[in-house]
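Colleague: following is a predicted model, sequence given first.
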Amino acid sequence: MHSRWSVDEIVSSPLVRARQTAAAFGIEPEIDERWIELAYGEYEGTSVVSMPAGVWQRWRNDPEYVAPGGESFAALDVRVRAACESMVERLADRNVVVVSHVSPIKAAVAWALGVDASIAFTCHLDQASVCRIDIRSGRPVLTSFNETAVFPPNA
């Protein structure tokens, strides 16, 4: 059994900020496009308060909503669930760190809990937080959510 702190493998979103975080582990990451953040299209980089009235509410209420040039939360959910399912076997006896972004991580948590991705709007993730998903008897189990001070003792 691996210790809680050992890392066997890193999987990363291709975005620079994720790859930079992955590099801190000193293990060459596997880059997986399925872990990229939601494409917000023409609203990329726009704060919620700066969006036209109703757009953010539409995203919250309609998982199929796609902003011009973007993607829907439903599409993000499909790709993240596929990424999670593809990892089940290797997660059974390895510690794999996935370095990603808020929306994909929330979708992975929804997958682990066996619920749809609408939970994304009822939970909060801090930057650089950790969520842990174990595989037990071939099934995902959420073991922690939004850990923000994860350092080995005496490190």
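Modeller: Looks like it arrived, so ask away.
Colleague: give the buried residues for the least confident helix or strand in the chain by mean pLDDT.
Modeller: For the chain, counting by mean pLDDT, DSSP states H and E, helix 55-61 ranks last in confidence among helices and strands (a mean of 89). Neighbour-count burial for helix 55-61 flags Val55, Trp56, Trp59 (criterion: 16 or more other C-beta atoms under 10 Å). Placement of C-beta: from N, CA and C, glycine included.
Colleague: same question for stretch 34-47.
Modeller: The neighbour-count check on stretch 34-47 (16+ other C-beta under 10 Å) flags Arg34, Trp35, Ile36, Glu37, Leu38, Ala39, Tyr40, Tyr43 as buried.
Colleague: who's in contact with it?
Modeller: If you take C-beta atoms under 8 Å, 6 or more residues apart in numbering as the criterion, stretch 34-47 is touched by 11-15, 18, 51, 55, 66-71, 73, 76, 79-80, 82-83, 98-104.
Colleague: out of the buried residues of helix 55-61, who's nearest Cys123?
Modeller: Trp59 (15.6 Å; C-beta to C-beta).
Colleague: how about the contacts made by the residue nearest to the closest one when sequence neighbours are not counted?
Modeller: The shortest distance from Trp59 to any non-neighbouring residue, by C-beta to C-beta, 6 or more residues apart in numbering, is to Tyr65 (5.5 Å). The contact partners of Tyr65, by C-beta under 8 Å, 6+ apart, come to Arg58, Trp59, Ser72, Phe73.
Colleague: residues touching the first one, list them.
Modeller: What that stands for is Arg58. For Arg58, the contacting residues are Tyr65, by C-beta under 8 Å, 6+ apart.
Colleague: relative to Ala149, how far out is it?
Modeller: Noted for Arg58: a distance of 36 Å to Ala149, by C-beta to C-beta, to the nearest Å.
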